[in-house]
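Visitor: for reference, the sequence and a predicted model appear below.
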Amino acid sequence: MFRAIHSIAILSASIVACIATSVVTANETVGSTNACPFCSAISLTFSEQLGSNDIAVVAKLVEIPPPSNDPNADFPKATFEVMQILKGDKFVAEGMTFKTQLVGNYPQGQKFLVMGVDPPKVAWTTPMKASDRVFNYLNEIQKLPENGAERLAYFQNYFEDKESVLAFDAYDEFARAPYQDLLALKDQMDREKLLGWIENPETSVSRRRLYFTMLGVCGKAEDTKLLEDLISSGNRKKRAGLDALIACYLTLKGESGVDLIESTFLADQEVDYVDTLAAVSALRFHGTELKLISRQRIVAAVRQLLDRPKMADMIIPDLARWEDWSVMERLVKMFKEADADSNWLRVPVITYLRACPKPEAKQYIEELRKIDPESVQRADFFLGVGDSDDDWDDAPKAEEPKKGAIPEGNQEKAGTPGEADKHVVKKVTLVSEDQDKLSVETYATQADADSTNTTDVGTVARGTTPVPPTVVNENLVARPNPASTVFVSNTADSMAAQAAPAQVSRSVTSSVPVAATTPVNLTWSIILIPMAVSVAIFLLLWSVVNGWFERLIF
């Protein structure tokens, strides 16, 4: 079982790395948005549940249905009476009764929280047993602002509450809030309580991560001694939530704290994978979210993992994201030296080279393509990169490319097959409804297309018979639409794309084979679904391992 989980985790991590590298190549940067960058919400908050339901009431159980011995009978419904309306007073009234399914055995008079949707025929949710404190909490949270430090200040009072449902809800509210709101809450945080919860071995892993993140905001320099002891401890329970622990330590210690993290988790090749991953996550947080530590120092620390082949592929996307092009030659060498046990490095190396703006990067890609064309192809597949430029360069050139005007009315005398180069380039002017002409120019080669001495091939008046396919070349199977048509030609085929009549006039010049440009959307369609499923499975397994599923106990 553990091997299966580990394999799925590695697969998911590889897919995520490919996504991250694709984002880097597109020059997109996505920062953390959660108040706790290392936390994940366990379930919908009460505020979200109230927002998604039309009705929320406090109801007491007044009648329990008798048990049925018929296995085919519908699940019996209990009768409830509305005692208090939390939301939806225009749909229900106090004292009214309704029926819904009840799971479990409860005495008459027991109070429940029940929600409903789609009035007037309300579909009621399964009742949830709750106390008066919970009902008061539900009333109060509806008066809070939608976001900001004032909202978080209310929820932090329920950390480690004896009502576990309230403690979980408070945690979820912080896990969903923006990090900037957490920074604004600094003066209202109780540092002593946070330290006490961190030192309590019974505190859950997920909440330790939140408390470490909060301590990083309100902590003092003297707190680094405790954090150093926890980091250096061999006790995994004391080091629970290691990623947030390291991030907190670096926030309070500053750049001088990187030395400890580097020597403890990055330089030592015997350190467990999960511990190194936690250190990298903390450094990523500081490299993207905070500006307390210089980017150069973070990159220098992360670069240590290139000496660990099993970890190198994980940080190559980070080096590209942070534009560390100093390791390009080293990565090329790693590509060449990779064997059957380390060839997974090759795809990240190619994506790194694709992101690198240096001219020699492209040369290296072509050099590595000769060694392992499949890895280059896989990397290009994830990035949606075509080989149109290479195809153009390698295509045979006609000895005497020709270009000329076709007199109106003599389209049947257009160039015969073979006269023009295979790479025919057409320049199309797409006109709007208020214009009456569609101008088409064709060139035998790209050089002709670039020439300023262009020749108008033909003009089609809107509403008249369109130019037949023979206007260009029999290799260009064009089927024009009188309304407005864009012709795109490639090596041996052409494709007619129907354009919207309302589009404004614009010029389109294409020298890229259609096969290299059109499958990009299809490529993403093919990879996104399995990618999303893999990530979802990984997150579920990770949540189980880290105790995020503990609410099921309750």
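Guide: That came in fine, so what should we check first? Numbering: from 1, shown residues only.
Visitor: measure stretch 97-117 end to end?
Guide: 16 Å (Cα to Cα, to the nearest Å).
Visitor: same question, stretch 168-183
Guide: 21 Å.
Visitor: likewise for stretch 70-86?
Guide: 37 Å.
Visitor: same check on stretch 298-311?
Guide: For stretch 298-311, the end-to-end distance is 16 Å (Cα to Cα).
Visitor: contacting residues around that stretch?
Guide: 258, 261-262, 266-267, 269, 273, 276, 280, 283, 286-287, 312, 314-315, 318-319, 322, 324, 327, 330-331, 334, 342, 345 (Cβ atoms under 8 Å, 6 or more residues apart in numbering). All C-beta atoms are positioned from the backbone trio N, CA, C, and that covers glycine.
Visitor: are any of those buried, and if so which?
Guide: 258, 261-262, 266, 276, 280, 283, 286-287, 312, 314-315, 318-319, 322, 324, 327, 331, 334, 345 (16 or more other Cβ atoms under 10 Å).
Visitor: just the buried positions in stretch 209-227, please.
Guide: Buried residues in stretch 209-227 (16+ other Cβ under 10 Å): 209-219, 223-224, 227.
Visitor: and it, end to end?
Guide: End to end - Cα to Cα - stretch 209-227 spans 13 Å.
Visitor: who's in contact with it?
Guide: Residues outside stretch 209-227 that contact it (Cβ under 8 Å, 6+ apart): 35-39, 159, 171, 174-175, 182-183, 185-186, 189, 191, 194-195, 197-199, 203, 241, 243-245, 247-249, 251-253, 257.
Visitor: look up how far L539 lies from E199.
Guide: Separation of E199 from L539 (Cβ to Cβ, to the nearest Å) stands at 29 Å.
Visitor: and Q180, by the same measure?
Guide: Taking Cβ to Cβ, one finds Q180 at 25 Å from L539.
Visitor: sorry, back to before: just checking, which of the buried residues of stretch 209-227 belong to helices?
Guide: In helices, judged by DSSP state H, the following of those are found: 209-218, 224, 227.
Visitor: and which of the residues you listed is nearest L528?
Guide: R209 (29.0 Å; Cβ to Cβ).
Visitor: hmm, which two among the buried residues of stretch 209-227 are most spread apart?
Guide: Maximum pairwise distance among those (Cβ to Cβ): 19.2 Å, between L210 and T224.
Visitor: please verify my assumption that I315 contacts S281.
Guide: No - counting by Cβ atoms under 8 Å, I315 stays clear of S281, with 11.2 Å between them.
Visitor: need the contact list for P357.
Guide: By Cβ under 8 Å, 6+ apart, the residues touching P357 are W325.
Visitor: surely L61 is in a strand?
Guide: Yes - counting by DSSP: H, G, I helix; E, B strand; the rest coil, L61 falls inside a strand.
Visitor: near it, how many other residues are there?
Guide: By the criterion of other Cβ atoms under 10 Å, L61 has 19 neighbours.
Visitor: got the domain ranges for the chain?
Guide: Structural domains assigned to the chain are 6-20+146-383, 46-141, 411-517, following automatic domain parsing.
Visitor: and of those, who's closest to V533?
Guide: domain 6-20+146-383 (9.5 Å).
Visitor: need the helices for the stretch 301-450 of the chain, in chain order.
Guide: Listed in chain order, the helices of the stretch 301-450 of the chain (DSSP state H, counting those that start in this stretch) span residues 309-321, 328-337, 346-355, 359-371, 373-383, 388-394, 446-450.
Visitor: what angle sits between the third one and helix 309-321?
Guide: If you take axes from the mean of the first three to the mean of the last three Cα atoms, to 10 degrees, helix 346-355 sits at 10 degrees to helix 309-321.
Visitor: which helices and strands sit right next to helix 346-355?
Guide: For helix 346-355, the contact count by 3 or more Cβ pairs under 8 Å, 6 or more residues apart in numbering; DSSP states H and E identifies helix 2-25, helix 309-321, helix 328-337, helix 359-371, helix 373-383 as packing neighbours.
Visitor: comparing those, which yields the minimum mean pLDDT?
Guide: When the helices and strands packed on helix 346-355 are compared by mean pLDDT, helix 2-25 comes last with a mean of 41.
Visitor: may I see the buried residues of the helix or strand just after it?
Guide: Per DSSP states H and E, the first helix or strand lying C-terminal to helix 2-25 is helix 46-52. For helix 46-52, the neighbour count (16+ other Cβ under 10 Å) marks 46-47, 49-50 as buried.
Visitor: and helix 46-52, what does it pack against?
Guide: Secondary-structure packing of helix 46-52 (3+ Cβ pairs under 8 Å, 6+ apart): strand 111-117, helix 132-141.
Visitor: who does the first one pair up with?
Guide: Taking DSSP bridges as the criterion, strand 111-117 forms sheet pairs with strand 55-63 (antiparallel), strand 123-124 (antiparallel), strand 128-129 (antiparallel).
Visitor: got the buried residues for the longest strand anywhere in the chain?
Guide: The longest strand of the chain (DSSP state E) is strand 77-87. For strand 77-87, the neighbour count (16+ other Cβ under 10 Å) marks 78-82, 85-87 as buried.
Visitor: any idea how far E163 lies from K129?
Guide: 12 Å.
Visitor: if you could redo that for C39, that was the one I meant.
Guide: Distance from C39 to K129, by Cβ to Cβ: 27 Å.
Visitor: one more: A59?
Guide: A59 is 11 Å from K129, where distance means Cβ to Cβ.
Visitor: now F38
Guide: In terms of Cβ to Cβ, F38 sits 32 Å off from K129.
Visitor: same question for Y154.
Guide: 24 Å.
Visitor: how long is stretch 132-152 end to end?
Guide: Using Cα to Cα, the two ends of stretch 132-152 sit 22 Å apart.
Visitor: pLDDT below threshold where in the chain?
Guide: 1-35, 73, 385-526, 542-554 (pLDDT under 70).
Visitor: on that earlier part again, okay if I get the buried residues of helix 46-52 as JSON lines plus distance to P119?
Guide: As requested, the buried residues of helix 46-52 are exported to JSON lines (distance: Cβ to Cβ, whole Å):
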{"residue": "F46", "distance to P119": "20"}
{"residue": "S47", "distance to P119": "21"}
{"residue": "Q49", "distance to P119": "17"}
{"residue": "L50", "distance to P119": "15"}
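Visitor: so which pair among the residues you listed is furthest apart in space?
Guide: Pairwise over the buried residues of helix 46-52, using Cβ to Cβ, the maximum falls at S47 and Q49, 7.3 Å.
Visitor: picking up where we left off before, same for the longest strand of the chain, what does it pack against?
Guide: Using 3+ Cβ pairs under 8 Å, 6+ apart: strand 77-87 touches strand 55-63, strand 97-101, strand 111-117, helix 132-141.
Visitor: before I go, just wanted to say thanks for your time.
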